[in-house]
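Participant: coordinates only, no sequence provided:
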């Protein structure tokens, strides 16, 4: 990755690496190993810097290399620090969540405790910060590593505030059973969702990989779960999710369910998975921050009613009414679906 900018001024390297990663992501990059300290949020890169990066990457010539190098020759790589001097304590706490920083966190939280209860702080400035993290992540202005740092700040905040809660108070928003469905052993996405929601006030009961519908059913009953999250990477996992819905429905379970995975789409969820759950809610969550946002809407009575209206509008948009087209609806195959038995690929078949 660093070879992209090797030999250029240090300040320019960070900008070019970040711009390159964004372009690679847009082109379909799934995975990269990088030092997150050497990339910066895209929204901190000026239009001029983006143009310089675009030219050196896609219109490489001596002139564009020279322009890029000269622009950064006298600049130093300095990590931008937000000016928080004029912010209220509430805004400072929210900003720490966004920045993924624990600097003066407990001092600020103790200051807020003079005005608010622990629960009010969690549902107020801390959640305001996480909402902003979600917005930035969905705009591709934050990467996953930065989101995890924000989640750690949230976890540390809740841990500090719990000691000040009354005996009848709890920071737990709800219980979530999570599992990768039967026949599927992929769990990176599920684990990421578990970390994000677990650090944001939800108790996560993780059943791991290859979980049968029956195992999931028993876990929901045993733990009195409020929500279920299902994950699956393979095409066959989508079919297994349909089977799981039927098993849960027959057991009289009606808790909201969110599903995700590389092969899944909102259209398949609405037309195939949710109908098997019969008048109960199944939500397609494209990533961890979407899952967190959806859960937060469902634990608030007023927000939940608005959310249900939103879901109904989405159903009306993507429901397939033609029986033949519905029968032909499939999920998209993933890399893991097309690997040969030995784990390699025959690119001549592409």
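Facilitator: Arrived safely, thanks for sending. What you see is a predicted model; the values in this text were computed from it and never measured.
Participant: please, where are all the strands along the stretch 251-350 of the chain?
Facilitator: 257-260, 282-284 (DSSP state E, counting those that start in this stretch).
Participant: enumerate every residue touching the residue nearest the centre of the chain.
Facilitator: What sits nearest the mean C-alpha location of the chain, by C-alpha atoms, centre = their mean, is residue 288, with 2.5 Å. By C-beta atoms under 8 Å, 6 or more residues apart in numbering, residue 288 lies in contact with 144, 147, 189, 192-193, 195-197. Where C-beta positions appear, they are placed from N, C-alpha and C, glycine not excepted.
Participant: buried subset of those residues?
Facilitator: 147, 189, 192-193, 195-197 (16 or more other C-beta atoms under 10 Å).
Participant: strands paired with the strand ranked longest in the chain, and their directions?
Facilitator: Assignment by DSSP state E gives strand 174-180 as the longest strand of the chain. Paired neighbours of strand 174-180 in the sheet (DSSP bridges): strand 202-206 (parallel), strand 227-231 (parallel).
Participant: go through those strands and pick out the most buried.
Facilitator: Neighbour counts (mean count of other C-beta atoms under 10 Å) averaged over each of the strands paired with strand 174-180 peak at strand 227-231, with a mean of 27.
Participant: ok so, going back, tell me which of the buried ones among the contacts of residue 288 fall in helices.
Facilitator: 147, 189, 192-193, 195-197 (DSSP state H).
Participant: now, among the residues you listed, which is nearest to residue 64?
Facilitator: residue 147 (33.4 Å; C-beta to C-beta).
Participant: ok, and the closest non-adjacent residue to that closest one?
Facilitator: The shortest distance from residue 147 to any non-neighbouring residue, by C-beta to C-beta, 6 or more residues apart in numbering, is to residue 137 (5.4 Å).
Participant: nearest to residue 107, of the strands of the stretch 251-350 of the chain?
Facilitator: Using C-beta to C-beta, the nearest of the strands of the stretch 251-350 of the chain to residue 107 is strand 257-260, at 36.2 Å.
Participant: same for that closest one, what does it pack against?
Facilitator: strand 227-231, helix 235-250, strand 282-284, helix 288-298 (3 or more C-beta pairs under 8 Å, 6 or more residues apart in numbering; DSSP states H and E).
Participant: go again using 6 Å as the cut-off
Facilitator: Contact partners of strand 257-260 among helices and strands, from 3 or more C-beta pairs under 6 Å, 6 or more residues apart in numbering; DSSP states H and E: strand 227-231.
Participant: mind listing what's buried along stretch 163-180?
Facilitator: Within stretch 163-180, the residues that count as buried by 16+ other C-beta under 10 Å are 171, 173-180.
Participant: min pLDDT across those residues, which one?
Facilitator: Lowest pLDDT of the buried residues of stretch 163-180: residue 171, 80.
Participant: how much space between that residue and residue 93?
Facilitator: Counting by C-beta to C-beta, to the nearest Å, the separation of residue 171 from residue 93 is 16 Å.
Participant: on that earlier part again, would you format the buried residues of stretch 163-180 as CSV with distance to residue 311 included?
Facilitator: Formatted as CSV, these follow (distance: C-beta to C-beta, whole Å):
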residue, distance to residue 311
171, 27
173, 20
174, 18
175, 22
176, 18
177, 21
178, 21
179, 22
180, 24
